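Student: Got a predicted model here, sequence first, then my questions.
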Amino acid sequence: QTPRAPDDLEAEIAAYRERLDSSKKDGLGTTASRFCTECGSTVDTDDRFCAACGTGLGSS
């Protein structure tokens, strides 16, 4: 992979935060999905391990 420029990363982070804030205001995604703490992939609420990286997800 080609490394991204810092400006590109900042823009991507800002866009992600905006989507996250918007979904919180809409009440979306509050209980239906979780994210892997290691790689950030979406995981199902009943998953015990992340399908993308294999990290154990615990019981939360």
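Tutor: Ah, there it is.
Student: Next, the residue most central in space within the chain: secondary structure please.
Tutor: By C-alpha atoms, centre = their mean, the chain has its centre lying nearest to residue 40, at 4.1 Å. Recorded secondary structure, residue 40: coil (DSSP: H, G, I helix; E, B strand; the rest coil).
Student: Which is the succeeding secondary structure element to the helix or strand hosting residue 21?
Tutor: Using DSSP states H and E, residue 21 sits within helix 6-26. Moving toward the C-terminus from helix 6-26, the next helix or strand (DSSP H and E) is strand 34-35.
Student: For residue 36, give its distance to residue 8.
Tutor: 23 Å (C-beta to C-beta, to the nearest Å). Glycine gets a C-beta too; all of them are placed from N, C-alpha and C.
Student: These two: which has the busier surroundings?
Tutor: residue 36 (19 against 10; other C-beta atoms under 10 Å).
Student: residue contacts, the residue lying closest to the more buried one once chain neighbours are set aside?
Tutor: Nearest residue to residue 36, sequence neighbours excluded (C-beta to C-beta, 6 or more residues apart in numbering): residue 50, at 3.9 Å. Neighbouring residues of residue 50 by C-beta atoms under 8 Å, 6 or more residues apart in numbering: 36, 38-39, 41, 43, 57.
Student: Brilliant, that's me finished.
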